[in-house]
Every structure is written in C-alpha cells, then in structure tokens.
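S.K.: Build me a model:
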Amino acid sequence: MSSESASPVATTQVELTTLALGNLTGVFILVGATSSLFGPLLVTFSHHFHVSLAAAGEVLSIYFVGALIGVLPGWWGLKHTTGRRVLSTSLVIVAAGTLASGLVHSWNLYLASIFLLGLGFGSLDMSLNVLLSRTAAEGRAHRLSFVNAGYGLGAVICPLVVVVVHPQNFPGIFITIAVIALLLTSFNGGVHAPPLKAEVLQSQITAAKAQRWPILLSFIGAYVFYVALETSASGWMSSQLQRGGFSTSTGSLVTAAFWVGMTIGRSVGGPLHRIFSERKLILGGLSLAIVADLVGTSNHAALVSYPLLGLILASVFPMGLMWYSRLVPFDSDGITIILFAMMAGGVIGPGGVSLLVSHFGVHVIPLAFAGLAVVDLAIFASIIRFSPIELP
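M.R.: Residues are numbered from 1 along each chain as shown. Take a look at the predicted model:
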C-alpha cells in the first residue's frame, strides 16, 4: 500500500461506482421534480382541501422550512455514519412524506406530510452535494455538473406530468414518487462514503480561522444571491410574460425552457471545465446573465433570453463548489454551511422581487434579475483575492 493511499485524505474520499453515480442523478431528478410540483397544483389544493388560495400557498413555506431543518440531521448523519445510510434514510423519509401526502384528506395532516417530505429532501440536497465534493479531484467537475443537471431535468418533467395526468389526480403522483424513492434506495450499494468524523484534515481547516472564515463568508454571500437570482427568475418570468400579453401556456413553456437550458448547461459542465477554469465559468456566466436579463426588458426578446439565462447560469452552482474546494480543501463543514445558508436566497430573491413589483409594476422584473446578477458577480469577483489554504 502506498503512503498516499494510507493518508487521511484517501480514507475519507468518497468513491462511487457508475451505477451509484447514475442513481444519485436519479435522486436529483426526483428532488427537482418534487420541488417544482407545488406551484402548478396550488389551485387544485385549494379546491381539494376546501381552503383559500392564500392558505394553499402555505405548502411552499412548510416545504421550505422542512428542507431547511432537514439539513441538520443529514449533516449529523454524514458526521457519524456512512453516506450510504444517510441517503437511504433520507429517501425512506421522502417516501413516507409523499405516501402520506397522497393518502390524507385533512389539510393539517397534509401540511404535516409535506413538512416530513421537506425534511427528507433537505437532507438529500445537502448530502448529495457534500458527497460529490468529497470525490476524487479528477472528474469532480463532471460529477457535480452532471448530477446537478438532474435537478433541472426533474423540474421540467414534473409540471408536464401534471398536465398529462390532470391536476385532480395529484394523489397518484405523490404515491408514485414514494414508490420511486423506495426503489432508489436499493441502488446505493456503490456509494463508499466513510463518516466525516474520520476526516483528520477538517480539524486543521477549522483551526485556520483567520484564512478560512473570510473565504467561507464570501462564498455564503455569493450563493445566497445566486439562489435568489435562480429562484426569482424561475418564479417570476412567467408572470412578466403573462402581463406582457402572452398566454399562461407561453409563460409556462418559457419557464420550462429555462430549466431545459439549465439541464443542458450542467450536462456539459465537465467538458467546459477542461477548457475554462471554474472561476472563468462563474464570472463569465454571471456577466452574460446580466446581458440576458437586460434583454428581457423586451417581452418578445425575453422569449429567447430567459431560456438562454438558464443555460448561462447552469455552471455557477457546481463550479462554485469546485472553487471553494480548491481554496479550502477537505472542508466538508464549510460546504454544508454554504448549502444551509444559501436557502435564505430562496426567500430574499422572490420576496424582494414581489416587493418591487408591488411598487413599480411587472416592468421592474428583468431589472431586478439584473441587479441580483450584478451583486452576485461582484461578490464572486471579490473572491479572486484569496489564495488556497495550504495544509501540512
């Protein structure tokens, strides 16, 4: 055995078989599909459970709160047990939440089921990205980009499924998701991920506070604004187009095209990383995003620029994790903090755009997107000043 293979780095590195990598992609497809399911069903929930549309909207908040809290037990699990067990347990929780969501008839029990579902997906979202960030440096960009592309694919598929099977049949969709989640647990055997408490270098990274925290805080800010931009764009572009004279179907198709662009962009992230560094992909992508947002001030031009926006933004999320791992190696704690904190962007972005629209009208929407992109570009550009932390 070589000295390299006996090192702490090798003992805690995550190894994935080809089947396991495909299964993780399937899990991300499920995450994206379920997360995009609620919006098209809010009116149906209102009629089915005999609540107001505003009350039906509570399901989004309940899901988000569950996902936020779910990060914590998932992280504890990665610390103290294997990644395989964390993934399997999270999928079982997802299956329980979706199964209950499809069977209950009480609104309060339905919200409790959605909260359980959110717990499972919060744990999954964090665990998948942390595990992929701990894989071998060679090919890591491809793995992060390819698996995260599954989220965008799921976000495209599920709204189309709702149209095909009819919204009134949503209980069947939830029960089907539960079955798929259980099936996915049987393919986790190829995930070799030792507990993070065995990661000796993490304590050395944590001890280097003077170097680590400025980098970590910068990435937290960058990811908060990235998530704010992504969620705002996917949530508000349809409303802008509808108020601009286009049909609801057109707005939905453009939103779906945005996610198609995101999926394609992340699928080619690995090959692009062989040509450009993660820093160039992020800064170049956000610069082009500003242009695409400003072009979107014309509703007719937005029909093209918004799908392109998804393609342009695709590399920012996975390449940001690559960049952080390069500056602060073996810092799984830091990546988890980033993934936990970035969820605030899902509240700040759409909420901020909503406030602007209430004061200035829908014409401000593309300008709000551009503003978020400018701030995010500035934060990511500020990270250039940092040098990688060197470990003994």
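
S.K.: contacting residues for M237?
M.R.: Contact analysis of M237 by C-beta atoms under 8 Å, 6 or more residues apart in numbering lists 251, 254-255, 258, 296, 302, 306, 365. Just so you know, the C-beta spots here come from the backbone N, C-alpha and C atoms, and that holds for glycine as well.

S.K.: Does the host helix or strand of V164 pack against any helices or strands, and if so which?
M.R.: According to DSSP states H and E, V164 maps onto helix 140-165. Packing partners of helix 140-165 (3 or more C-beta pairs under 8 Å, 6 or more residues apart in numbering; DSSP states H and E): helix 18-35, helix 38-49, helix 107-133, helix 170-185, helix 248-267, helix 269-275, helix 316-327.

S.K.: Worst mean pLDDT among the ones you listed?
M.R.: Sorting the helices and strands packed on helix 140-165 by mean pLDDT places helix 38-49 lowest, at a mean of 79.

S.K.: How far off centre is the helix or strand harbouring F225?
M.R.: Taking DSSP H and E as the criterion, F225 maps to helix 209-243. Relative to its chain's centre, helix 209-243 lies at 11 Å (C-alpha atoms, centre = their mean, to the nearest Å).

S.K.: ok and it relative to helix 316-327, angle-wise?
M.R.: Comparing the axes of helix 209-243 and helix 316-327 via axes from the mean of the first three to the mean of the last three C-alpha atoms, to 10 degrees yields an angle of 170 degrees.

S.K.: hang on, the earlier thing: please tabulate the helices and strands packed on helix 140-165 in JSON lines, including the columns distance to Q242 and mean neighbour count.
M.R.: Below are these laid out as JSON lines (distance: least, C-beta to C-beta, whole Å; neighbours: other C-beta atoms under 10 Å):
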{"stretch": "helix 18-35", "distance to Q242": "22", "mean neighbour count": "21"}
{"stretch": "helix 38-49", "distance to Q242": "14", "mean neighbour count": "17"}
{"stretch": "helix 107-133", "distance to Q242": "27", "mean neighbour count": "23"}
{"stretch": "helix 170-185", "distance to Q242": "23", "mean neighbour count": "18"}
{"stretch": "helix 248-267", "distance to Q242": "5", "mean neighbour count": "20"}
{"stretch": "helix 269-275", "distance to Q242": "32", "mean neighbour count": "16"}
{"stretch": "helix 316-327", "distance to Q242": "27", "mean neighbour count": "23"}
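
S.K.: and of those, who's closest to L281?
M.R.: Minimum separation from L281 across the helices and strands packed on helix 140-165 (C-beta to C-beta) falls at helix 316-327, 4.8 Å.

S.K.: okay, now V347: neighbour count?
M.R.: For V347, the neighbour count with other C-beta atoms under 10 Å is 16.

S.K.: May I see the buried residues of the helix or strand containing it?
M.R.: Using DSSP H and E, V347 maps to helix 345-360. By 16 or more other C-beta atoms under 10 Å, the buried positions in helix 345-360 come out as 345-350, 353, 356-357.

S.K.: For whichever helix or strand comes after it, which residues meet the burial criterion?
M.R.: Counting by DSSP H and E, the next helix or strand C-terminal to helix 345-360 is helix 365-382. Neighbour-count burial for helix 365-382, counted by 16+ other C-beta under 10 Å, picks out 365-377, 379-380.

S.K.: Residues contacting helix 365-382, please?
M.R.: Helix 365-382 is contacted from outside by 218, 221-222, 225-226, 228-229, 232-233, 236-237, 239-240, 282-283, 286-287, 289-290, 293-294, 296-297, 302, 309, 316, 320, 349, 352-353, 356-357, using C-beta under 8 Å, 6+ apart.

S.K.: Whichever strand or helix holds H300 to helix 140-165, inter-axis angle?
M.R.: Applying DSSP H and E as the criterion places H300 in helix 299-313. Angle of helix 299-313 versus helix 140-165, following the same axes, to 10 degrees, is 140 degrees.

S.K.: buried stuff in helix 299-313?
M.R.: Result for helix 299-313 [16+ other C-beta under 10 Å]: buried residues 299, 302-303, 305-313.

S.K.: Quick one: these as TSV, columns for pLDDT too.
M.R.: Shown next, in TSV, are these (pLDDT from 0 to 100):
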residue	pLDDT
N299	93
A302	94
L303	95
S305	96
Y306	95
P307	94
L308	96
L309	96
G310	93
L311	94
I312	94
L313	94
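
S.K.: quick revisit: hey, what's the angle from the helix holding V164 to helix 248-267? Just curious.
M.R.: Helix 140-165 and helix 248-267 are oriented at 160 degrees to each other (the same axes, to 10 degrees).
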